[in-house]
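> I'd like to go over a predicted model; first the sequence, then the structure.
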Amino acid sequence: MKHWLLRRHLPLLATCALCLGLYVAGAVLCPGFASLRVFVNFLADNSFLGIIAVGMTFVILSGGIDLSVGAILALSSTVLAVLIELRHVPVAVAVPAVLAMGGALGAVMGLVIRHFRLAPFIVTLAGMFCARGLAQIVHLEALPISDPGYLAATGWGIPLLAGARLPLTAIVFLAVLAVGLYVSVHTPFGRNVYAVGGNEEAALLMGLPVGRTKVGIYALSGFCSALGGVVFALYSSSGNPSAGVGMELDAIAAVVIGGTLLSGGVGHVLGTLIGVLIFGIIQTGITFQGTLSSWWTKVAVGALLLLFVLLQRLIARTGRGR
Amino acid sequence: MDLPTAGAAPLLEMRGIIKRFPGVLALDAVDLTLRRGEVHALMGENGAGKSTLVKVLTGVYPRDGGEIVFGDQPLSVRSPGEAQSRGISTIYQEVNLIPDLSVAENIFLGRAPRLLGGARRQTCRQGTGGGSGDPRHRPRASCVGPLNWRAIHERARTLLQTFSLDLDVRLPLGSYPVAIQQMVSIARAVDISSQLIIMDEPTSSLDQQEVERLFGVIRRLRADGVSVLFITHFLDQAYEISDRFTVLRNGRVVGTFEAASLPKLELVGHMLGRDPSTLADISHQPLLTQEADQAEVVLQARGLGRRGALAPTDAMVRHGEVLGLAGLLGSGRTELARLLFGVDRADSGSVWVGRRRLAPGSPRAAIREGLGLCPEDRKTDGLVPDLSVRENIALVIQSHLPPLGRLPRRRQVELAERFIRLLGIVTTGPEQPVRDLSGGNQQKVILARWLAAAPRVLILDEPTRGIDVGGKAEIERLVESLAADGLAVVFISSELEEVVRRSDRVLVLRDRAVVAELTGAAVDEGTIMRTIAAGASERGPA
Amino acid sequence: MSEPTAARRPWRYRPGPTLWPLVALVLLFAYNALRTPNFLHLEVREGRLFGTTVDILHRGTPVVLLATGMTFVIATAGVDLSVGAVMAITGAAAALLLTRTALPVPAVVAGALAVSVACGAWNGALVAGLGLQPIVATLVLLVAGRGIAQLLTDGMIITFERPSFEAIAGGAAGGVPITVLIAAGVVLLTLLVTRGTVLGLRIEAVGGNERASRLAGIDAGRTKLLVYGFCGLCAGIAGLIATADIKAADSNNCGLFLELDAILAVVIGGTSLSGGRANLPGSVVGALVMQTVTTMIYAQGRGPEYTLVVKAVAVAAVCLLQSDLLRAALRRRSGELRAA
């Protein structure tokens, strides 16, 4: 029985081991790697990816997939920039508006998936096209934000030891992570997500509100994408309709590497954090190295993704012989 | 139909239930009454309507006619969640819980107690339905706050202890054997409702010991006043645990009987639609001549078995012979067919075609050696719905061609038209997509596919299901002429008269094992039914 | 007894599978012909046909090729998200072979296509051999593939100067652009093979009902491997054309987002995402429809962002029409007629 548990969590354990291993390797090979400031940068540089990945975790836990996250991030950042810069909407109004927009877009996709019983991948693919196009229609090029209040926020942060500072972007990421963790473990909605992903038919027969949960999941993912867009705008002080191209794949990879099964039902929000960290470590390591081209990141991520998917498959196969 | 009067008012009354699907009347004015505190077995062959009736009751399907009264109030639920909130829980053959979540969580999923909003809420129900269920479980004012995991674990532990189960409730459900998972789903059902529990084939994956434990639980439920509707095809088990039976056949109620006063033979007769008292012992006319007994053995199974599906079995068919497999649903007939053809991998034994041993688990190898299997479930195993009649018929003969081999369209069309004529397939032509055909004609297409491949041995699993009388006669005549030409046939059918008419020998199966082989004059319906009915248990008048 | 009669069956209008996309294409052309004065105008300059319609065919070639390969992958109830990346990899391989070796162009083409087939076979092995979900299996190559292409070119854009290779994209034979000839050739050859041999039947059976196809003796694994390998090949050809067109291997942008266009073209063309009947002519028409729409939008002076939204709406519309719910509703009505 214990051994069954171990096997189920093998991917997550493997991820932790990998993360640790990579970090140690980085610390050994690259001077200055193992500093608090560099670690904080892992979080800050990948904060928007991380936020998106938290939303994606819920989607994948339920057995679905969301390809629109990168496009909604771009759309959100662009709309935010346009609202603040061109329409002079106060930040306190613009941000909630953009977040609501993201949630609404996600909810629409969720409704279509639920009512017409279409495959999530094609519906969110259409969503991705739509959002990407809308972003470019709203504003064709990147739009820097010069609102003083906004700019002040980008410099804000919690000071830590050794001269390091935890910037707002990282704070938001960690907050989202914490909320995601709470929701996934301590709320019925979160548990329903696991149930739907674990055995959707059974969840229906058990009387769980499967349809509502599904819509909620995609709305949540849309909301997280929008939040990621806001954080991205914070990070780069601009809105950019070409941002986030391919980010959905990075998010999926982070979630899978973080131990969440693509088939749904098993996984952890914390695993996603580790997945994102691994991303950051690989990227930073390669930059530090200097000799390897940055494209190795893509290859490394692809290889890791494959490895973990195969691991999951192996576990699923041996698990069935019971 | 005779309904013995009971003292107290019945718990459940279903009157005149009608359910239609496109092209088929699944339930035809079905009446069912359940008393309080009784264990009532619902029995019938495949397609009799048992599952459909349950699904109508629990809201999975809407009904097309009739009414349901539950606990003195009319019942019209639209979802399983609603049925649950009214006090009806269902347990399925496949454990329908979430294996990756913990035992405790599975028990309380959808109604877990929360931390805030006052001290220790009993349960906090979310999901669909309100309605008047058990007053204990009506939702309180508001359930807020994070899930109260400690309460969940504690309450789960206590609940399971009343079932004599001492489990670590924090472990995933899937880490426990299926029998335990069944118990957990029963525990959940009992905790949700204390009025009616429906069990749909709960013992299919349990061994003898586990079945005994389950029955202990059911007896306790009965003593507590809970009614149990028990769907099963295991005769012995039905007799052991039930107070009354209701037998369905082709969507109609054949009758409701007290278990203590229904002879087993009569029950079998009801299920198969044969009245044993009117059966004369007409001796069967042997189809084969004496020499045929010396004909070459074409297909042979030696010790072929698979855990949970079929006990190790020997069987053989000769050139030009028809071997019938008779038995009730679940007795192992289809399992034997699938093992012979290699659809399922056998745990023991081997299959021989002529003198060559067949590679296990490979339908391709079987086809190469001249075997054919016309499957029981045409929807999942037979039809490719978007393809045309012609293409479906040509599907097997293409298997011997190389990757880029040619199968001229003209030849396919000829083949299709030949079989359309031969089997009387009602279709607009060879190009019609098979999904537009009626069930019976789809069946004929699948049959045509295998006949076109001209195998040495053809296994027919329920070949006449869904086909009208005339069509059945055609197929039977075809089988006869093919056998006369030397084709060896394994013939599986729930229609006893068919099996008797066509077979030279019959293997009788019961509870996943071959219990008898009948030849010559012994091949008649009475003998077969008596063989099936002769159970190992002493309960029930036999 | 019963002979096949048509008496009981209500007449149902069943459109040919390619009808709707074709209607769409014709309508689009008609609309454009009326609105834009020279839309249908053709002229020959320097031995080569010019005109908007020729332009559409020429620019639509990569998507037509991708859609050809994708049609059969989707017909087996799969999908290949990596075709864009494979295009980039193939282009990079070709550029390398052209600049670093002295191989003649035919050998370069063969070598580069071998690489693309290998990519396709890789996907096929993951799906058929290891049983991975197609989305996931091809996602790996999608993520890593562009990186691999970049690594091949060391992150740079490799330019080359080989007229005989560039002719793949720029040349014309008998006035018709070579790209169009290549696409037409591939499509016709594929039609010949799938309709004329049992391969088409096997592919559609595996996609329509894999269990039934296995029971009928079809080697589903081998069929899938073949299908993904072919998709890789088509992507390779498209990659060569794209690379020859700009006379350079741009691993960053080669084939970017084209996988989505290909999937959309196949969906518009009538091949169902859940597998079954493969409609290659429909996919080709679908690709042309999308290219026509793109050209229209550009002609109006609007940028590519509008094409994205239009494509999204098109995907949504087609999928809704194809959706199970609608099908079930139609079937219920016909089923009731049948039962009566």
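Received it, and whenever you're ready, just let me know what you need.
> Every contact and neighbour count from this point should use C-alpha atoms.
OK.
> Phi, psi for the residue of the stretch 51-200 of chain C found nearest chain B please.
Chain B sits closest to residue C:197 of the stretch 51-200 of chain C, with a gap of 4.4 Å, by CA to the nearest CA. Dihedral angles phi and psi of residue C:197 (degrees, to the nearest 10) take the values phi -120, psi 180.
> For the residue nearest to it when sequence neighbours are not counted, list the residues it contacts.
Nearest non-adjacent residue to residue C:197, counting by CA to CA, 6 or more residues apart in numbering or on different chains: residue B:406, 4.4 Å away. If you count contacts by CA atoms under 8 Å, 6 or more residues apart in numbering or on different chains, residue B:406 has them with C:196, C:197, C:198.
> Most neighbours of all the residues you listed, which one?
When neighbours are counted by other CA atoms under 10 Å in any protein chain shown, residue C:198 leads the contacts of residue B:406 with 23 neighbours.
> Return the per-residue confidence for the closest residue to chain A within chain B.
Proximity of chain B to chain A (CA to the nearest CA) peaks at residue B:81, 3.6 Å away. What the model reports as pLDDT for residue B:81 is 79.
> Next one: it relative to residue B:92, how far apart?
15 Å (CA to CA, to the nearest Å).
> Give me the more crowded residue out of these two.
Neighbour count, other CA under 10 Å: between residue B:81 and residue B:92, residue B:81 has more, with 27 against 19.
> Count the residues that sit near the residue nearest to the more buried one when sequence neighbours are not counted.
Nearest non-adjacent residue to residue B:81, counting by CA to CA, 6+ apart: residue A:207, 3.6 Å away. Using other CA under 10 Å, residue A:207 has 22 neighbouring residues.
> where does residue A:207 fall, helix, sheet strand or coil?
Secondary structure, DSSP: H, G, I helix; E, B strand; the rest coil: residue A:207 is coil.
> same thing with the one 4 residues further on?
Three-state call for residue A:211 (three-state DSSP): helix.
> Residue A:232 versus the closest residue to residue A:255 other than its chain neighbours, what's the distance?
Once flanking residues are discounted, residue A:255 sits nearest to residue A:272: 4.9 Å by CA to CA, 6+ apart. Per CA to CA, residue A:272 is found 19 Å from residue A:232.
> if I look at residue C:269, how far off is residue C:229?
Relative to residue C:229, and taking CA to CA, residue C:269 is found at 22 Å.
> The two: which is more packed in?
Neighbours were counted for residue C:269 and for residue C:229 using other CA under 10 Å; residue C:269 has more, 29 against 24.
> and the helix or strand where residue A:224 lies, what does it pack onto?
Per DSSP states H and E, residue A:224 falls inside helix A:210-236. For helix A:210-236, the elements it packs on are helix A:47-61, helix A:69-81, helix A:91-116, helix A:148-154, helix A:168-186, helix A:188-198, helix A:200-205, strand A:238-239, judged by 3 or more CA pairs under 8 Å, 6 or more residues apart in numbering or on different chains; DSSP states H and E.
> Give the rounded mean pLDDT of that helix.
Taken as a whole, helix A:210-236 has an average pLDDT of 94.
> May I see the buried residues of that helix?
For helix A:210-236, burial by neighbour count (16 or more other CA atoms under 10 Å in any protein chain shown) applies to A:210, A:213-235.
> helix or strand for residue B:302, which one?
Residue B:302 belongs to strand B:297-306, assigned by DSSP H and E.
> Could I get the buried residue list for that strand?
Buried residues in strand B:297-306, counted by 16+ other CA under 10 Å: B:297, B:298, B:299, B:300, B:301, B:303, B:304, B:305, B:306.
> ok, and does it reach over to chain A?
No - using CA under 8 Å from any CA of the partner chain, strand B:297-306 stays clear of chain A, with a minimum separation of 13.9 Å.
> After that strand, which helix or strand is next?
The helix or strand immediately downstream of strand B:297-306 is strand B:310-318, counting by DSSP H and E.
> Now that following strand - C-alpha only, CSV.
Output of strand B:310-318 as CSV, limited to C-alpha atoms (Å, rounded to 0.1, in the frame of the first residue of the first chain):
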residue,chain,number,x,y,z
LEU,B,310,-12.9,-18.1,-17.6
ALA,B,311,-11.7,-21.2,-15.8
PRO,B,312,-9.2,-23.3,-17.8
THR,B,313,-11.2,-25.0,-20.5
ASP,B,314,-10.9,-27.6,-23.1
ALA,B,315,-12.9,-27.4,-26.2
MET,B,316,-12.7,-28.4,-29.8
VAL,B,317,-14.6,-28.1,-33.1
ARG,B,318,-14.3,-30.4,-36.1
